[in-house]
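Asker: Okay, sequence plus prediction incoming.
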Amino acid sequence: MSELRHTPHHLDLPGAAEYLDLDEAGVRALVAAGYLPKATSEGFAIADLKAFVARNADAGSGNLADLLAEAPDDAGPQALLDALDGRSEEMARRSFEIFCGVFPDAKEWPLARQVSFVEQSRGRFEAILAVTGSGSVVDEALVGDLQDVGAAAAWSGSPLPQLLTVLRISRDLVVQTAVELAEERGRHWGLALSLLLTRVLPAMDRLVDALAQGYWAALVGREEELRDRYQHVVETSSNGVFEVDIDGRIQYANSSLGVILGRRPADLMDLPLSEAIVPLDPGLSIEPLMTDVAGAYQQLAVRRADGVRRILEFRTGARYRFDEVVGYQGVVRDVTAARDLEADKNEFLALVTRDLRGPLTTILAQGANLEAHARELPEDQVARIGGSIRNQAERIARLADDLYDVSRLDSGQLALSVRAVDVASVAHAALASVRERDQVEVKIPFGVEVMADPRRLEQLIANLAENGLSHGAPPVVIELLGATEGKAEIAITDHGAGVAPALVDALFSGLRTLPRPDQDGSRGTGVGLTLVKGVVEAMGGTVAYEQAPSGGARFVVTLPRR
């Protein structure tokens, strides 16, 4: 034995290994199994080493390798492994008892699950003993399999502490059972045990490491996948997404938020949220958007940087770090179209109801008059009442036709029969369906032809004349502004107050109410102007509003000529 590194009463790890004629891993295994006291800061006590040799050698002489060579064949490490293999079922049942002590909820498992746990434990013990029998080097294929097991556990959401606890229980039970067997069968089995432990403990540690590595690698991979998926969803979402710091400055904005707010995402970075989102009503504040209430909801009408009005829906909440609010985040949805569509629908119903109420009221009143006094009324008055009823019925019929045609325009199914027609003839025919037709004057010479559907041209001229009488002031003049080889311009002008500039853009929507200067309440453009625009464009022309020199409203219809 070469000179040992030691103090008068202690040896370091290499010295202890040399004294016992083992490698350093073997010494650590003996300590882990409780056969050797742990080393102090000064090292292994020489007295402890001598005591160990004395317990495992005749009269305290010889070393472990020598004694192992002297041991009978049925007391070697393989014999001990075979004996342990016979205890696999017992160790499996004990492992479940120990597991229940660590995790009491396992006691309430269904019987089938308990049996499954014991069966899996028995298979685990057999695998451990098989690996131990092959030496201290764990097969790489088994390591890979255990890494896959750990990864599968991570993806299924199984907690790592339970997995490691099961393996640790298995490790300790193998060591404990091996010690019990060695003590039962004599000193030569103690020698086999000491060598066996140099295989079991490193092998088990490697198995545990493989499982943990697979678990954590899968967990990290899963987190990265979820992060990438979340990032993709956020970046490609049609909704705007933002994060602001505790001071309200934007720290993140996706591309959709830039589109919604009319800015580039890069221009939003570090911009105060109060500058990016400006309420249309100056009396409103965006402070409610920065709240620690999860899922807080708010709708705001805002004006973008380019002046466009939008209605936005916000859902916001606080961002936390270690239970401390560090900022706020939110999702923004542009609900302008939905809100406007709802408003248009309500307005449309109101307009149709209003347009129907007038003629229906007249028909009901005149009908009641005839019913009550038909025999007393002179013939000429009865004729006037009949004519009034017919005119109002024609108005209702024209409104129904207009509604039907608007729906066909929207679906692209409006049928036209375009040919050369005389504008003056069509204009005079259009007056037949206009109430107060005596307040309408036609100033178009005969012989001027345009390419149009005669019935549709009559319909749009009647609508524009009716619009001038209803929403402007008489007289309404239908005149030819000019005719060239390529086009003709026809103007329908009233003598009212005209249309306020702010309302011009809404004229042809057909779904806006415009104030009347001579009445309380409101009135609508009806569906007439919507139909006019659709029909004129379908015939290849245009229609536009302008203020007449007299101050009234003028609609200029341009149609192609041959």
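Answerer: Nice, I can see it.

Asker: Now the terminal residues of stretch 37-47, how far apart.
Answerer: 10 Å (Cα to Cα, to the nearest Å).

Asker: Please shift the residue numbers so they start at 36 in all later answers.
Answerer: Got it, first residue is 36 now, which makes that one stretch 72-82.

Asker: Now do that stretch: distance to the chain's middle.
Answerer: Offset of stretch 72-82 from its chain centre (Cα atoms, centre = their mean, to the nearest Å): 63 Å.

Asker: Buried residues in stretch 520-538, which are they?
Answerer: Residues 522-534 are the ones in stretch 520-538 that count as buried (16 or more other Cβ atoms under 10 Å). Every residue, glycine included, has its C-beta placed from N, CA and C.

Asker: Likewise for stretch 332-342?
Answerer: Buried residues in stretch 332-342 (16+ other Cβ under 10 Å): 335, 337, 339.

Asker: Excluding its own residues, what touches that stretch? List them.
Answerer: The contact list for stretch 332-342 (Cβ atoms under 8 Å, 6 or more residues apart in numbering) reads 296-298, 312-316, 319, 321, 323-324, 344-351, 370.

Asker: picking that back up, find the pair from the buried residues of stretch 520-538 with maximum spatial separation.
Answerer: Greatest spacing in the buried residues of stretch 520-538, by Cβ to Cβ: Lys522 and Ala532 (29.9 Å).

Asker: Just want to check the distance between Ala141 and Gln149.
Answerer: 8 Å (Cβ to Cβ, to the nearest Å).

Asker: Give the intersection of the neighbour lists for these two.
Answerer: Listed as contacting both Ala141 and Gln149 by Cβ under 8 Å, 6+ apart are Phe131.

Asker: one step back: which ones among the buried residues of stretch 332-342 map onto strands?
Answerer: Mapping these onto strands (DSSP state E) picks out 335, 337.

Asker: Closest one of the buried residues of stretch 332-342 to Lys568?
Answerer: The closest of the buried residues of stretch 332-342, once distances to Lys568 are taken by Cβ to Cβ, is Arg339, at 27.0 Å.

Asker: quick one: that closest one from Gly297, how far?
Answerer: Using Cβ to Cβ, Arg339 is found at 4 Å from Gly297.

Asker: Same check on Ile424?
Answerer: As for Ile424, its distance to Gly297 is 54 Å (criterion: Cβ to Cβ).

Asker: higher neighbour count, these two?
Answerer: Ile424 (19 against 15; other Cβ atoms under 10 Å).

Asker: Could you confirm that one falls within a helix?
Answerer: Yes. Counting by DSSP: H, G, I helix; E, B strand; the rest coil, Ile424 falls inside a helix.

Asker: how about the longest strand along the chain as PDB, C-alpha atoms only?
Answerer: The strand spanning the most residues in the chain, taking DSSP E as the definition, is strand 344-356. Output of strand 344-356 as PDB, limited to C-alpha atoms (Å, rounded to 0.1, in the frame of the first residue of the first chain):
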ATOM      1  CA  ARG A 344     -64.000  58.500 -36.200                       C
ATOM      2  CA  ARG A 345     -64.000  55.000 -34.900                       C
ATOM      3  CA  ILE A 346     -65.900  53.200 -32.100                       C
ATOM      4  CA  LEU A 347     -63.500  50.900 -30.200                       C
ATOM      5  CA  GLU A 348     -64.200  48.200 -27.600                       C
ATOM      6  CA  PHE A 349     -61.600  47.600 -25.000                       C
ATOM      7  CA  ARG A 350     -60.900  44.700 -22.600                       C
ATOM      8  CA  THR A 351     -58.100  45.500 -20.200                       C
ATOM      9  CA  GLY A 352     -56.400  44.200 -17.100                       C
ATOM     10  CA  ALA A 353     -53.300  44.600 -15.000                       C
ATOM     11  CA  ARG A 354     -49.900  42.800 -15.500                       C
ATOM     12  CA  TYR A 355     -48.400  41.500 -12.300                       C
ATOM     13  CA  ARG A 356     -44.900  40.500 -11.300                       C
END
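
Asker: In that strand, which residues are buried?
Answerer: For strand 344-356, by 16+ other Cβ under 10 Å, it's 345-354.

Asker: Which other helices and strands does that strand contact?
Answerer: On a contact count with 3 or more Cβ pairs under 8 Å, 6 or more residues apart in numbering; DSSP states H and E, strand 344-356 meets strand 331-338, strand 359-369, helix 371-408.

Asker: That one vs helix 371-408, what angle?
Answerer: Strand 344-356 and helix 371-408 meet at an angle of 140 degrees, taking axes from the mean of the first three to the mean of the last three Cα atoms, to 10 degrees as the criterion.

Asker: from the chain's centre, how far out does strand 344-356 sit?
Answerer: For strand 344-356 - counting by Cα atoms, centre = their mean - the centre lies 14 Å from the chain centre.

Asker: Check stretch 126-133 too.
Answerer: 47 Å.

Asker: Can you show me the strands along the stretch 436-585 of the chain?
Answerer: In the stretch 436-585 of the chain, the strands defined using DSSP state E, counting those that start in this stretch lie at 454-457, 475-478, 484-487, 511-518, 522-528, 548-549, 558-559, 577-582.

Asker: So what touches the first one?
Answerer: Translated: strand 454-457. In this structure, residues lying in contact with strand 454-457 by Cβ under 8 Å, 6+ apart are 481-489, 492, 597.

Asker: Please apply the same query to the longest one.
Answerer: Counting by Cβ under 8 Å, 6+ apart, the neighbours of strand 511-518 from elsewhere in the structure are 458, 462, 474-480, 483, 496, 500, 503-504, 523-530, 591, 596.

Asker: Kindly calculate the angle that that strand makes with strand 522-528.
Answerer: Strand 511-518 and strand 522-528 are oriented at 160 degrees to each other (the same axes, to 10 degrees).

Asker: now do the last one
Answerer: With the same axes, to 10 degrees defining the directions, strand 577-582 sits at 40 degrees from strand 522-528.

Asker: Quick one: mean pLDDT for strand 577-582?
Answerer: Strand 577-582 shows a mean pLDDT of 90 in the predicted model.

Asker: how about it: buried residues?
Answerer: Buried residues in strand 577-582, defined by neighbour count with 16+ other Cβ under 10 Å: 578, 580.
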